[in-house]
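Asker: Provided below are the primary sequence and the corresponding predicted coordinates.
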Amino acid sequence: FLDGSMLAWTGAVSEPFSAGPPENFGYFQAPEDELRTTMLEAAAGGWAVAAHAIGDRAVSLALDTFEEAIARFGNPVMPHRIEHGGVVTDEQVQRAARLGVAIVTQPGFMPELGVQMREAVGPTREESIHRHRSLIDAGVLCAGSSDRPVANGAPLHVMQAMTERTDASGAVVGPDERVSIEQALWSYTVGSAQTAGQSSLKGQLREGMVADYVVLESDLLHESASDINEIPILDTVVAGESVLAAPTKQT
């Protein structure tokens, strides 16, 4: 954990939070040198590091350290990653892409927490909140993620939120960061497998890969974004075995 949270106004940001105490830039969980040393020691031992970073200042610390770790110890067995990336700048998006660092963001927060997030960072930084489209366009590794139990963890719910990014007031949080249904599906399949370093094993329905999938009642790619969360799930298959089949409909 590098910093705090957005809703408590404790993430380490470069511009003060709009809500909460005046001139509040959040904080790191420990001195920066100590956090850097801990991450480098893990990387030296062959570990991939997942760094909780909400504010852009914390994201910078993570990227600086990952760049040093890769230069000194090479690429890890699975990508280093930033958990959340609550506020990420354009420069940081490009840098993460260049380094091969994943950013596991949660645009699914928007229906439950979007109002509070907009209040925390203010209107000039709304586009930087839990970015998604920018990451995909830049080639950054990014997964489908909910941060459950903080927010609703159902994948179809989160995928709908990814495409709509609408908060409880009806406002769209960062409209340019909305993704297509296909991109949301990609994030939860191929993108998640890449981020976990398992793209040769899962994430697609291909010969030789693990047969993990769900069966939906209708074609996700031909539904409207507002209907995604309502699609019935008929079956869940893990390693080729049905584990959660829906009851057979009576005729």
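Answerer: Nice, thanks for sending it over.
Asker: And stretch 28-46, how far out from the chain middle?
Answerer: 22 Å (CA atoms, centre = their mean, to the nearest Å).
Asker: Secondary structure element for the closest residue to Phe73 other than its chain neighbours, which one?
Answerer: Spatial nearest neighbour of Phe73, excluding adjacent residues (CB to CB, 6 or more residues apart in numbering): Ala43 at 5.1 Å. Yep, even glycine has a C-beta here, placed from its N, CA and C like the rest. Ala43 is part of helix 32-44, with elements assigned from DSSP states H and E.
Asker: now swap in Ser192 and tell me
Answerer: With DSSP H and E as the test, Ser192 turns up in helix 192-195.
Asker: residues making contact with that helix?
Answerer: Outside helix 192-195, the residues that touch it by CB atoms under 8 Å, 6 or more residues apart in numbering are 78-79, 81, 102, 104, 141-145, 199, 201-204.
Asker: one step back: quick one: residues contacting the residue nearest to Phe73.
Answerer: Val49, Phe66, Ala69, Arg72, Phe73, Pro76, His80.
Asker: still on that earlier bit, after the helix holding Ser192 comes which helix or strand?
Answerer: Using DSSP H and E, the helix or strand that follows helix 192-195 in sequence is strand 213-216.
Asker: Sheet partners, orientation included, of that next one?
Answerer: Using DSSP bridges, strand 213-216 pairs in its sheet with strand 233-238 (antiparallel).
Asker: Need the max-distance pair from the contacts of helix 192-195.
Answerer: Greatest spatial distance among the contacts of helix 192-195 (CB to CB): Arg81 and Gln204, at 20.5 Å.
Asker: quick one: which of the two has more around it?
Answerer: Neighbour count, other CB atoms under 10 Å: between Arg81 and Gln204, Arg81 has more, with 25 against 13.
Asker: could you check the distance from the residue lying closest to that one once chain neighbours are set aside over to Pro21?
Answerer: Once flanking residues are discounted, Arg81 sits nearest to Ala102: 3.8 Å by CB to CB, 6+ apart. Per CB to CB, to the nearest Å, Ala102 is found 33 Å from Pro21.
Asker: And these two? Which one has more around it.
Answerer: Neighbour count, other CB under 10 Å: between Ala102 and Pro21, Ala102 has more, with 27 against 8.
Asker: Enumerate every residue touching the residue positioned nearest the centre of the chain.
Answerer: Compute the mean C-alpha point of the chain, and by CA atoms, centre = their mean the closest residue is Thr105, 2.0 Å away. Taking CB under 8 Å, 6+ apart as the criterion, Thr105 is in contact with His84, Gly85, Val88, His130, Arg131, His132, Leu135, Cys142, Ser145.
Asker: Likewise for Val210?
Answerer: Counting by CB under 8 Å, 6+ apart, Val210 has contacts Leu201, Lys202, Ala239.
Asker: In terms of pLDDT, where does the second one sit?
Answerer: In the prediction, the pLDDT value recorded for Lys202 is 94.
Asker: where does it fall, phi/psi-wise?
Answerer: The phi and psi values for Lys202, taken as degrees, to the nearest 10, are phi -150, psi 180.
Asker: again, but for Ser134
Answerer: Torsion angles, degrees, to the nearest 10, at Ser134: phi -60, psi -40.
Asker: what about the residue nearest to it when sequence neighbours are not counted, is that helix, strand or coil?
Answerer: Once flanking residues are discounted, Ser134 sits nearest to Val93: 5.2 Å by CB to CB, 6+ apart. When classified by DSSP: H, G, I helix; E, B strand; the rest coil, Val93 comes out as helix.
Asker: Check which residues of stretch 90-110 are buried.
Answerer: 92-93, 95-97, 99-110 (16 or more other CB atoms under 10 Å).
Asker: From those, which land in helices?
Answerer: Under the assignment DSSP state H, the buried residues of stretch 90-110 contribute Gln92, Val93, Arg95, Ala96, Ala97, Leu99, Met110 to helices.
Asker: Could you double-check that the second one sits in contact with Leu141?
Answerer: No. Between Val93 and Leu141 there is no contact, the gap being 11.8 Å when judged by CB atoms under 8 Å.
Asker: Right, I'll leave it there.
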